[in-house]
Each structure stands twice: as C-alpha cells, then as structure tokens.
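Colleague: Starting from these lines, generate the structure:
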Amino acid sequence: MLTSGYTLLRIPVETASVTPPTKPLPRAERRESILRGAADAFARTGFANTSMEDVAAACGVTKLIVYRHFETKEELYRAILQRVFDRLGEELTAGLTRATRGLGARTQLTVAREDPDGYTLLWRHAAREPQFADYAADVRSISVDVVRQLLALDHGDPLLDRWMAEALFSWLVEATLTWLDRGDPARDEEFVEHTTEGLRVLHAAWAR
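Modeller: Now for the predicted structure:
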C-alpha cells in the first residue's frame with residue numbers, strides 16, 4: 001500500500017533538512033516588490049505591449065496577487081511614476097535642509113540609482129504613452145518651476161525665463177539618464193561635480 005510505503009521512510013531528525021514555509025510578504029513590501037518588477041517589465045516592452053501576466057512573471061508572483069494591489073494596469077503604471085516623483089521631492093527637500101552641494105544632480109542621480117527603471121519610465125517613456133502624456137507634462141511643469149525658483153530665474157521676460165528653466169531641467173535629466181545608461185556607479189561623485197559645474201556655468205552665462 002502507498003501509505004505503508006511512506007511509513008517505512010525514516011529520516012533521522014538530527015540530519016533532516018527542514019525548509020520552513022515561505023511567509024507572505026507584508027502588504028507594503030509586496031506592493032514595493034510589484035512596483036519594481038512592473039517598472040522593469042514596462043521599461044523593456046512599453047505599456048501597451050506589457051500584460052498583467054508579464055508583470056506577474058517579472059515580479060515572481062501570480063496575476064491574482066498583482067490585482068490584489070492594483071486594479072488595472074494603468075493604475076499600476078501611474079503608481080510607478082508617482083512613486084519616483086515623490087522620491088524626488090523627498091530627496092530635494094532633504095537636500096535643501098542639509099544645504100547639499102550639487103543638489104539638482106545629486107537628487108536626480110540618487111533616485112535614479114534607487115529605481116532606474118521607474119526613473120526611466122517617468123522621464124523618458126511616460127510622455128510617449130497616450131494614457132500618461134498629460135501626467136508627464138504636469139510633473140515636468142512642476143519640476144521646471146522648482147528649477148526656476150531655486151536658480152532665481154527672473155530677467156523680467158517670462159518667456160525667456162521659462163525657456164531657461166526648461167533647458168536647464170532638460171539638460172539635467174538627460175545627463176542623468178545618459179549616466180544611468182553608460183556611467184560607472186563608482187564614479188557617481190564625478191558625475192555630480194561635472195553636472196553641477198555645467199549647470200552653474202550655463203546659468204552664469206545667461207545671468208550676464
């Protein structure tokens with residue numbers, strides 16, 4: 001009998017290798033894990049070509065678990081973007097409090113290193129996705145206003161001031177994305193120094 005066969009199998013307790021059952025992650029940790037896995041999936045194949053099955057596979061969970069945290073694919077994508085934008089705000093605020101040198105470059109690179117796929121989605125891909133183009137435009141507009149305020153761009157010409165802020169912010173983000181793609185993490189401090197100097201020189205030239 002099958003039952004008796006199992007009763008003959010004896011493994012000494014002291015030599016048995018017992019693997020405890022895997023505990024489910026707390027909800028907040030699971031959500032964080034899904035956001036990171038989904039960011040990787042979306043960054044590779046885009047919003048339209050990435051299914052919730054693809055997201056689940058990238059996260060190492062079932063599709064049901066993904067749906068427990070996010071009702072739709074659009075909600076999930078938007079949550080990734082918002083998470084990155086919130087982190088940029090947190091880093092900027094902390095840097096202002098500490099009077100951090102190279103604040104703009106350091107803020108961007110810190111968040112980019114934490115979540116490279118999410119950062120890339122926010123500043124490179126979201127504007128190309130019809131569902132998220134308006135959101136991307138809004139967060140960019142907010143960011144440009146911050147640059148304008150921090151650099152005190154006020155030459156009495158609103159159009160010129162806005163253009164300067166747009167150009168400086170675009171250069172900062174593109175510099176970060178390029179370093180994220182091709183740079184050496186061990187030389188991140190050099191990136192911050194060179195990027196900050198570039199911004200300073202350009203701003204000084206325009207100020208004159």
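Colleague: Verify the contact between Arg83 and Tyr119 for me.
Modeller: No: applying Cβ atoms under 8 Å as the test, Arg83 and Tyr119 come out as separate, 10.2 Å apart. (Each C-beta comes from the backbone N, C-alpha and C, glycine too.)
Colleague: Burial check on Leu121, number of neighbours?
Modeller: Residues lying near Leu121 (other Cβ atoms under 10 Å) number 25.
Colleague: My error: substitute Arg113 in the last question.
Modeller: Burial of Arg113 is recorded as 14 neighbouring residues (other Cβ under 10 Å).
Colleague: Now it: which helix or strand?
Modeller: helix 103-114 (DSSP states H and E).
Colleague: next helix or strand past that helix?
Modeller: Immediately after helix 103-114, counting by DSSP H and E, sits helix 116-120.
Colleague: quick one: contacts for the nearest residue to Leu103 once chain neighbours are set aside?
Modeller: Once flanking residues are discounted, Leu103 sits nearest to Gly95: 4.6 Å by Cβ to Cβ, 6 or more residues apart in numbering. With contact taken as Cβ atoms under 8 Å, 6 or more residues apart in numbering, Gly95 is in contact with 103, 106-107.
Colleague: Tell me where the model's unsure across this structure.
Modeller: Counting by pLDDT under 70, the chain has low-confidence residues at 1-25.
Colleague: Show me the helices in it, by range?
Modeller: 2-7, 27-45, 52-59, 63-69, 73-98, 103-114, 116-120, 133-150, 158-182, 188-207 (DSSP state H).
Colleague: same for the shortest one, what does it pack against?
Modeller: Meaning helix 116-120. Helices and strands touching helix 116-120, by 3 or more Cβ pairs under 8 Å, 6 or more residues apart in numbering; DSSP states H and E, are helix 27-45, helix 73-98, helix 158-182.
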